[in-house]
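Asker: what's the 3D shape of this:
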Amino acid sequence: MNKLANEIIIKDIRSIMKNKKIISIMCLVPFVLTIIMPTIFIISVKNSHIEISTFLKIFEKALNISFDKISLIKQKRIIVDFFIYNVLPIFFMLIPTMVSTIISANSFVGEKEKGTLETLFLSPLRVRDIFIAKVKVSILLSVVFNLIIFVIMCIVLNIVLYLCEFDFFFPNVKWWILLIIASLGVTILSTTFVIKKSKKSDSVEEAQQLAVFVILPIIGIVVGQFTGFMFISTFAIFVASLLLLLISIIVMKIISIKIDYYA
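Answerer: Sure, this is the predicted structure:
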């Protein structure tokens, strides 16, 4: 049984990697969020000649820094650092969610379009095993893709920071927590719901609907960070990330047990 499940995983990975449309969509949004947007932001801050101390006062209490007597250059560095270490990491929760949603939504829907779904369910594998195999494919590709984007971003970001005469970027504890623990939890959760939905869906769009409930809170956190409305400590992020990962694993286990082709 495990051999058959592994064959499904390998088949799905090959099928996704050959699909240029899916690959292009998976690359476009992460490229904009992690390369284009940070580059434009850093260059804009570098070339700004306007006093920005008023803007910085929004973060004065959270960062525990007084900006009254800080030079313009120092203010710009604080803004850039705030964006890199407080806003940018959250995108790496959004990226695997979007990638896993695209892959998951095409999972059972793709089988239906190829006319192989009924054959798949008539195989010796249980529906639960097929479900878990599909989930593994989505999670594996999403995590690997997220790490690749992270490496590329680090290289490009440090080049831009160097050219703009800002400090180099080195991921801190908060970065690693969000990149490894939180993003994995969000990926498992979104993948589980979308694949469950795609089993009965006739279109990719219909299967992707549930992912909105996962993506919207992440967007809310990004907006909160930008506006100064929400600041989350590293310890709180660590605890919340562990809880999210635990809940996502429990939800996946429950759904995999209860899932049924005819339900």
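Asker: ok, which stretches of the chain are helices?
Answerer: Read by DSSP state H, the chain holds these helices, from start to end of the chain: 2-18, 20-31, 37-46, 53-56, 60-63, 72-82, 88-114, 117-121, 127-163, 173-176, 183-198, 204-207, 212-227, 234-258.
Asker: As JSON lines, those helices with mean neighbour count and mean pLDDT would be great.
Answerer: Quick note: C-beta positions are derived from backbone N, CA and C, even for glycine. Output for the helices of the chain, formatted as JSON lines (neighbours: other Cβ atoms under 10 Å; pLDDT from 0 to 100):
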{"stretch": "helix 2-18", "mean neighbour count": "14", "mean pLDDT": "79"}
{"stretch": "helix 20-31", "mean neighbour count": "14", "mean pLDDT": "85"}
{"stretch": "helix 37-46", "mean neighbour count": "16", "mean pLDDT": "91"}
{"stretch": "helix 53-56", "mean neighbour count": "14", "mean pLDDT": "56"}
{"stretch": "helix 60-63", "mean neighbour count": "14", "mean pLDDT": "57"}
{"stretch": "helix 72-82", "mean neighbour count": "17", "mean pLDDT": "82"}
{"stretch": "helix 88-114", "mean neighbour count": "23", "mean pLDDT": "78"}
{"stretch": "helix 117-121", "mean neighbour count": "14", "mean pLDDT": "64"}
{"stretch": "helix 127-163", "mean neighbour count": "18", "mean pLDDT": "89"}
{"stretch": "helix 173-176", "mean neighbour count": "15", "mean pLDDT": "90"}
{"stretch": "helix 183-198", "mean neighbour count": "26", "mean pLDDT": "81"}
{"stretch": "helix 204-207", "mean neighbour count": "17", "mean pLDDT": "56"}
{"stretch": "helix 212-227", "mean neighbour count": "15", "mean pLDDT": "61"}
{"stretch": "helix 234-258", "mean neighbour count": "15", "mean pLDDT": "86"}
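Asker: Quick check: closest non-adjacent residue to Leu244.
Answerer: Gly185 (3.7 Å; Cβ to Cβ, 6 or more residues apart in numbering).
Asker: do you know how far that neighbour is from Lys74?
Answerer: 36 Å (Cβ to Cβ, to the nearest Å).
Asker: Contacts only, for Leu140.
Answerer: Going by Cβ atoms under 8 Å, 6 or more residues apart in numbering, Leu140 touches 9, 13.
Asker: redo that, cut-off 10 Å
Answerer: Leu140 makes contacts with 9, 12-13, 100, 103, 187, as judged by Cβ atoms under 10 Å, 6 or more residues apart in numbering.
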